[in-house]
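**Student:** what would the 3D arrangement of this be:
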Amino acid sequence: MLVAVVAAVVVLADDPDVTVGALPPRPAIAGSLRLDPPLPKAGQDVVVHLDLVADRPITPRALTVRAQDAGGTSYDFPELAGQALDTTARDITLRRAFPAPGVYTYYLAYRLDGDWVTLRPWETVTVR
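**Tutor:** Presented below is the predicted three-dimensional model:
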């Protein structure tokens, strides 16, 4: 019995002539959010740590973490402009306080041109 094994290796690094595939027309941003402290008191400063990465170099017009209480009132973190992102993860921090006890929903949002893009998952934090 004769068995033939064929192995092919494709090396893509540093080869400008190899096309891996076209990027989608709209840039993609991904990442994680972490609040500190994780269980804040009303009026206490809350720092949100954003670890962000993009599928290509991009500088959104604005970047923020949106937050709202159960009644729908917004308590967004301050917007940042001119934050360059690329394929290397970047840590960004924002700070604010929530005025009253309750459950707040928060999520990442960014603006490229005129429209805001919101990214799931939407998280919740309980403020004591």
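
**Student:** is the closest residue in space to P38 that isn't next to it in sequence bridged to anything, and to what?
**Tutor:** Excluding its sequence neighbours, the residue lying closest to P38 (C-beta to C-beta, 6 or more residues apart in numbering) is V125, at 7.4 Å. Glycine gets a C-beta too; all of them are placed from N, C-alpha and C. Under DSSP bridges, the beta-bridge partners of V125 are Y104.

**Student:** V125 touches P37, doesn't it?
**Tutor:** No - contact criterion C-beta atoms under 8 Å: V125 and P37 do not qualify, at 9.6 Å.

**Student:** which element is the residue nearest the centre of the chain on?
**Tutor:** Nearest to the mean C-alpha position of the chain, by C-alpha atoms, centre = their mean, lies G31 at 3.9 Å. Assigned by DSSP states H and E, G31 belongs to strand 29-36.

**Student:** elements contacting whatever helix or strand comes next after that strand?
**Tutor:** Tracing the chain past strand 29-36, the next element assigned as helix or strand by DSSP H and E is strand 45-54. The helices and strands touching strand 45-54, judged by 3 or more C-beta pairs under 8 Å, 6 or more residues apart in numbering; DSSP states H and E, are strand 29-36, strand 62-69, strand 90-97, strand 102-111.

**Student:** what helix or strand is G72 on?
**Tutor:** G72 belongs to no helix or strand, assigned by DSSP H and E.

**Student:** flag the shaky bits of the protein, pLDDT-wise.
**Tutor:** 1-21 (pLDDT under 70).

**Student:** again, only this time at 90
**Tutor:** For the chain, the stretches with pLDDT under 90 are 1-28, 112-115, 117, 119-121.

**Student:** count of neighbours near T124?
**Tutor:** Other residues near T124 come to 11 when the count uses other C-beta atoms under 10 Å.
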